[in-house]
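Novice: task: produce atomic coordinates for the following.
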Amino acid sequence: MATRSADARFSSRWTLLLSVLGIAVGTGNIWRFPRIAAKTGGEEGAGAFLVAWLVFLVAWSLPLIVAEYALGQRGRKGVVGTVAALAGPRLAWMGAFVAFVAAAIMCYYSVVAGWCLYYTGGALVSGLPLTLDGAQASWDAFQASGLPVALHAVMMGTAAVVCLRGVSSIERVNRVLVPTLLAIVVVAVVRAVTLPGAGAGVAYLFTPDWSVLASPAVWLEALTQNAWDTGAGWGLILTYAAYMRREDGIVRNAVLTGVGNNLVSLLAATMVFGIVFAVLGAQRAPAEVLDVMRTSGPAGTGITFIWMPQLFAAMPLGKPLAVAFFLALTFAALSSLISMVELTSRVVVDFGVARRRAVPAVGVAAFAVGVPSAVWGGVFANQDFVWGVALVISGAFVAFAVTRYGAGRLMSEVSTPSDWPLPRVWGAWLKWAIPVQAAVLLGWWLWQATTADFTARWWDPTEPFSAATCLLQWGLALAVFLTFNRWMARRTGALEPPRPAPPGA
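Specialist: All right, here's what the predicted structure looks like:
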């Protein structure tokens, strides 16, 4: 079973691209992006943030997406095995950290997927709350029940079942999930922009207020959002690329992945801004409407799970649109969750465990680790904070793995004449620009954390938003991986020198 899985390939470039878009298009596009755009917008509009966001699509996401495609196709293993084989067996710990960050996110991301499923069912079978108090009460009652844990189990179990049979099952599911998701988003956008008053929200989204670009925080939010949006540097694309055919083209797929993902984010933001301004604009001043969008609520839930149901209830044809909105959110969450389960399972398979045992074990372990996040909002918020920031470190590690192997050598081994040309600056960009961006972002974050922007007790690891809690959890993970580095390298076969890539691999 493990051998067949390792030799499997996506049946076509179309199914590969759909599956990778399933990684990239997640709740970060529909849930997080509109809130960040509102948060970073100026008095005139949020268009300047969009410019910074697009800059980092080119400066951060696309170079790393190309890197992940190239590493995955060349290594033909999971994240740990690929990094250990290509960057060197002494760096197996680095691949393990990248994989662990994605796995840690998987454990609480499944909880979010359960929330989406709950609201899809609620919009379908029950009435939408008519007031803010009603929406808040509905959310509080849901969180106080056993449903978050049960739905966490449902979503994690579904993702595990999909991954059990490997890439053939993953591509079959994504053939349905991703096109349906995109169709729902398009229909919802059309409905949203035709609402009276929606034009003001769309105009605000795309109108630039250039003064906000003077704030470093806007640029840092743009970089962070790109890391969340595209999945660049997570190791997820690397895992799927291990199953891609060589003739499908790395650069072309990378560009289509990044651009396609960001287009979905823009459509989602257009929908949310249009609905919020259309419904609330008749009752409140624009500044008050923006305050609503900027209010994240507990664990970042405010605009999506508390305000949006109430807004749908107040608009014509709101119920079917609410069903469509939360169904799209559920599909986006599930397609991304599947990739996280596959990443973690593939690492375990590379350690010599049969897939039929590895996938259920990953599913059960991830469910158990995610239960505290489903029960206590403070645990959820802490895990989101700790491992969300760690994605920046993961991106730097992916770039370093390419540099260590040799960017020119890597591309010469995986390139194909039918692919788009790769700019020569790519290797130097990974070597210098990606680490600089990561260092600046982490440095700014650390400065904020130690100047009481997050918590006055920045030195206390028991504080959920302290610098110390991040450093402690990252340090413990790194200590374990350094301790077992040689074992991981041996289990993945990385102590043997990498074999030349066979023609057409």
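Novice: just for the stretch 401-505 of the chain, where's the confidence low?
Specialist: For the stretch 401-505 of the chain, the stretches flagged by pLDDT under 70 are 452-453, 497-505.
Novice: for the stretch 201-350 of the chain, same thing?
Specialist: In the predicted model, the stretch 201-350 of the chain carries pLDDT under 70 at residues 295-302.
Novice: buried stuff in stretch 251-258?
Specialist: Buried residues in stretch 251-258, counted by 16 or more other CB atoms under 10 Å: 251-254, 256-258. Quick note: C-beta positions are derived from backbone N, CA and C, even for glycine.
Novice: next one: stretch 10-24
Specialist: Buried residues in stretch 10-24, counted by 16+ other CB under 10 Å: 10, 13, 15-24.
Novice: returning to that earlier point: inside helices: which ones of the buried residues of stretch 251-258?
Specialist: Using DSSP state H, the members of the buried residues of stretch 251-258 that fall within helices are 251-254, 256-258.
Novice: show me which of these is closest to Gly157.
Specialist: Nearest to Gly157 among those, counting by CB to CB, is Thr257 at 27.7 Å.
Novice: quick check: chain neighbours aside, which residue is closest to Ala104?
Specialist: The shortest distance from Ala104 to any non-neighbouring residue, by CB to CB, 6 or more residues apart in numbering, is to Trp387 (4.4 Å).
Novice: got it, and Gly42?
Specialist: Here the residue nearest Gly42, using CB to CB, 6+ apart, is Asp209, at 2.9 Å.
Novice: for Arg74, give its distance to Gly81.
Specialist: 12 Å (CB to CB, to the nearest Å).
Novice: and what of Asn174?
Specialist: Separation of Asn174 from Gly81 (CB to CB) stands at 24 Å.
Novice: wait, what's in contact with the closest residue to Gly370 other than its chain neighbours?
Specialist: Using CB to CB, 6+ apart and skipping the chain neighbours, the partner closest in space to Gly370 is Cys107 (3.9 Å). Listed by CB atoms under 8 Å, 6 or more residues apart in numbering, the contact partners of Cys107 are 366-367, 369-370, 373, 383.
Novice: need the buried ones from the residues you listed selected in PyMOL.
Specialist: Those of those that count as buried under 16+ other CB under 10 Å are selected in PyMOL with:
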select buried, resi 366+367+369+370+373+383
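Novice: lowest-confidence entry in the contacts of Cys107?
Specialist: In terms of pLDDT, the lowest of the contacts of Cys107 is Gln383, showing 94.
Novice: for Ile306, see how far away it is.
Specialist: Counting by CB to CB, the gap from Gln383 to Ile306 is 21 Å.
Novice: go on, Gly231?
Specialist: According to CB to CB, Gly231 stands 27 Å off from Ile306.
Novice: name the residue in these two with the higher neighbour count.
Specialist: Taking other CB atoms under 10 Å, Gly231 and Ile306 do not tie; Gly231 has more neighbours (32 against 22).
Novice: ok, that one - contacts?
Specialist: Contacts of Gly231 (CB under 8 Å, 6+ apart): 23-24, 26, 237, 261, 336, 339.
Novice: state the distance from it to Met340.
Specialist: Relative to Met340, Gly231 is positioned 10 Å away (CB to CB).
Novice: same thing with Val185?
Specialist: Here Val185 is placed at a distance of 22 Å from Met340 (CB to CB).
Novice: what's the answer for Arg355, then?
Specialist: Arg355 sits at a distance of 16 Å from Met340 (criterion: CB to CB).
Novice: neighbour-wise, which of the two wins?
Specialist: Set Arg355 next to Met340 and count neighbours by other CB under 10 Å: Met340 wins out with 30 against 21.
Novice: do I have it right that that one meets Ala103?
Specialist: Yes - using CB atoms under 8 Å, Met340 is in contact with Ala103, at 7.0 Å.
Novice: need the contact list for the residue lying closest to Trp429 once chain neighbours are set aside.
Specialist: Excluding its sequence neighbours, the residue lying closest to Trp429 (CB to CB, 6+ apart) is Pro63, at 5.3 Å. Going by CB under 8 Å, 6+ apart, Pro63 touches 399, 426, 429-430, 433-434.
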